[in-house]
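> got a predicted structure plus its sequence, pasted below:
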Amino acid sequence: MKPFTPILRAPVSLLAIILCCGSVLSAEAPKDWSGTPARPTAAWVRRSVVYELFPRQFSATGDFAGITARLDELKDLGVDILWLMPIHPVGRLKAKGTVGSPYAVKDYYAINPDYGTKEDLRTLVNAAHARGLKVIIDIVANHTAWDSVMISNPGYYKRDAAGNIIPPHPEWADVAGLNYGSPETRAYMREMLKYWIRDFGLDGYRCDVAGDVPTDFWEDVRQDLDKIRPGLFLLAEASKPELLANAFDADYGWPMLATLNKVLMEGAPASEIRRTWEVSERQAFPSGALHMHCSDDHDESRAISRYGWNAALAASAMMFTMDGLPLIYNGMEAGDTSESSDPALFEKLPVFWHPKGRESFRGVYRQLTALRHEHPALTEGSLEWLDNSSPGNIVSFLRRGEGEELVTLVNLSNRPQSASIRVEKGAEFTLLLESVPRGVSAKAALPDADLGAFGWRLYRRALVP
């Protein structure tokens with residue numbers, strides 16, 4: 001649940017979006033965070049691919065057992081971190097839709113009975129760990145359901161002048177906002193966050209609307225959690241630079257997602273991708289900051305629906321080979337086009353796992369995850385943008401590290417493109433992977449490239465000591 005998502009809530013103005021997500025656009029010059037170091041992140045986090053699971057929609061049974069039964073499939077896909085969307089009971093008072101939003105939590109200490117029991121969760125976590133997979137859960141720390149077990153104590157909540165409990169934002173009618181000006185609220189939430197890590201062996205949290213909760217709360221909680229499980233992973237659903245200084249390991253690459261949408265849906269030039277990376281991600285954030293880059297998640301309509309089949313895969317090829325963490329969302333690897341966001345957050349809409357004509361999708365995602373595991377340059381190396389002769393259509397960049405260089409080319413237009421890439425020793429690069437496998441040919445050699453509509457390629461060159 002991101003605070004500025006028009007598709008989930010009432011429409012908001014562009015200015016409200018900018019202010020809420022912490023973008024570089026503001027009435028006054030933004031702070032340059034590039035001189036501030038980001039919080040150090042565990043190496044296993046930087047090497048990971050995140051898989052977002054909506055338990056209600058993921059399997060036919062819609063529960064923890066349905067996930068546990070498919071862990072081998074997720075392991076084979078090559079993902080590393082399983083992020084479970086909220087696992088707690090869903091409130092019914094003022095609920096939206098037939099089932100209600102999982103982000104309207106009734107009891108932070110309980111399990112949604114539709115998903116199973118606490119023992120079922122332990123079984124899932126233990127089985128995932130046995131396969132080398134990490135597990136994080138979604139924590140909704142900003143607000144609760146109106147029939148939450150906490151509601152009997154109004155002191156936990158934000159209230160208006162008349163003393164009435166209010167939503168965190170007027171348009172979020174199905175939830176009640178928590179008051180972090182209250183030491184009692186902070187103490188309750190800190191103990192709750194410690195409980196799930198301590199008692200279930202979880203590897204961290206994805207923190208919903210993290211930017212709306214005071215940063216100093218997250219910084220204090222981080223210290224508590226590190227004492228219980230050093231090196232855990234905290235992911236902020238936010239684009240707020242200060243969160244990455246001391247509290248969180250990564251945040252959402254919302255500026256990049258917004259730009260990708262403009263390029264693929266509105267015809268903006270592909271060069272805007274580079275500008276966003278340089279200004280909205282590098283200058284605006286602490287040095288070394290880690291962003292989760294996604295083209296699909298539960299707050300968006302499916303990427304395959306927004307962009308089309310080939311463009312959705314091109315977007316993933318770019319996100320998987322950029323710096324940051326890539327995300328696969330709940331059936332994305334199957335080319336699922338069932339609804340996400342509204343109405344899927346409020347209804348039972350299972351993933352359709354075998355859509356016609358998209359059998360190759362899983363293989364593409366398996367190749368992309370394998371590349372990240374096999375080439376440290378993609379997870380720990382530097383990123384350098386490469387000029388090309390068609391900047392309005394083609395994104396080109398180089399990753400360098402661990403004795404190799406990798407070059408990514410992505411055509412973000414719906415027409416074939418030819419371009420010359422400005423890269424040193426281009427003839428030494430060999431084709432590693434491309435959108436339509438055809439074998440290495442004369443035209444596959446750098447610096448010249450011919451790419452089909454939404455075509456992409458990845459090249460490699462070994463560095464000689």
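Alright, I've got the coordinates.

> return the distance of the longest helix anywhere in the chain from the chain's centre.
In the chain, with assignment by DSSP state H, the single longest helix is helix 183-200. Distance, stretch centre to chain centre, for helix 183-200: 24 Å (CA atoms, centre = their mean, to the nearest Å).

> what of stretch 374-382?
Centre-to-centre, stretch 374-382 and its host chain are 19 Å apart (CA atoms, centre = their mean).

> same question for stretch 375-387.
Its chain's C-alpha centre and that of stretch 375-387 lie 20 Å apart, by CA atoms, centre = their mean.

> now swap in stretch 422-436 and tell me
The answer for stretch 422-436 is 29 Å, by CA atoms, centre = their mean.

> buried set for it?
423, 426, 428-429, 431-435 (16 or more other CB atoms under 10 Å). C-beta here means a position set from N, CA and C on the backbone, and glycine is covered the same way.

> phi first, then psi, for Cys457.
That one is not Cys; residue 457 is Arg. Backbone torsions of Arg457, given as degrees, to the nearest 10, read phi -140, psi 150.

> ok, now Ala370?
The phi/psi pair for Ala370 (degrees, to the nearest 10) reads phi -60, psi -40.

> in contact with it, which residues?
Gly78 (CB atoms under 8 Å, 6 or more residues apart in numbering).

> one step back: following element in sequence after the longest helix of the chain, please.
Past helix 183-200, further along toward the C-terminus, the next helix or strand under DSSP states H and E is strand 204-207.

> give the rounded mean pLDDT of whichever helix or strand comes after that next one.
Toward the C-terminus, strand 204-207 is succeeded by helix 215-228 as the next helix or strand (DSSP H and E). For helix 215-228, mean pLDDT is 98.

> over to stretch 340-357?
Mean per-residue pLDDT for stretch 340-357: 88.

> next one: stretch 121-132
Throughout stretch 121-132, pLDDT has a mean value of 98.

> and it, how far out from the chain's middle?
22 Å.

> tell me where the model's unsure across this protein.
1-30, 437-444 (pLDDT under 70).

> break it into its domains for me.
14-374, 383-462 (automatic domain parsing).

> what helices or strands is the longest helix of the chain leaning on?
Counting by 3 or more CB pairs under 8 Å, 6 or more residues apart in numbering; DSSP states H and E, the packing neighbours recorded for helix 183-200 are helix 118-130, strand 134-139, strand 204-207, helix 215-228.

> mind listing what whichever helix or strand comes after the second one pairs with, with the direction of each?
To tie it back to what came earlier, the one meant is strand 134-139. Next along the chain after strand 134-139, taking DSSP H and E as the criterion, comes strand 143-145. Strand 143-145 pairs in its sheet with strand 175-177 (antiparallel), by DSSP bridges.

> residues making contact with the strand it pairs with?
By CB under 8 Å, 6+ apart, strand 175-177 touches 91, 101, 103-104, 142-146, 148, 151, 157-158, 165-169.

> are any of these buried, and which?
Buried, going by 16+ other CB under 10 Å: 91, 101, 103-104, 142-146, 148, 151, 157-158, 165, 167-169, out of those.

> give the buried residues for the longest helix of the chain.
185-186, 188-190, 193-194, 196-197.

> now do stretch 219-231
Across stretch 219-231, burial judged by 16+ other CB under 10 Å covers 219, 221-222, 225.

> send the alpha carbons of the longest helix of the chain over as CSV?
Provided in CSV are the C-alpha atoms of helix 183-200 (Å, rounded to 0.1, in the frame of the first residue of the first chain):
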residue,chain,number,x,y,z
PRO,A,183,5.1,6.3,23.7
GLU,A,184,2.5,3.6,24.3
THR,A,185,2.0,3.1,20.6
ARG,A,186,5.7,2.9,20.0
ALA,A,187,6.2,0.4,22.7
TYR,A,188,3.4,-1.9,21.5
MET,A,189,4.7,-1.8,17.9
ARG,A,190,8.4,-2.4,18.9
GLU,A,191,7.5,-5.4,20.9
MET,A,192,5.3,-6.8,18.1
LEU,A,193,8.1,-6.4,15.6
LYS,A,194,10.5,-8.2,17.9
TYR,A,195,8.0,-11.0,18.5
TRP,A,196,7.8,-12.3,14.9
ILE,A,197,11.6,-12.2,14.3
ARG,A,198,12.4,-13.9,17.6
ASP,A,199,9.6,-16.5,17.6
PHE,A,200,9.4,-17.5,14.0
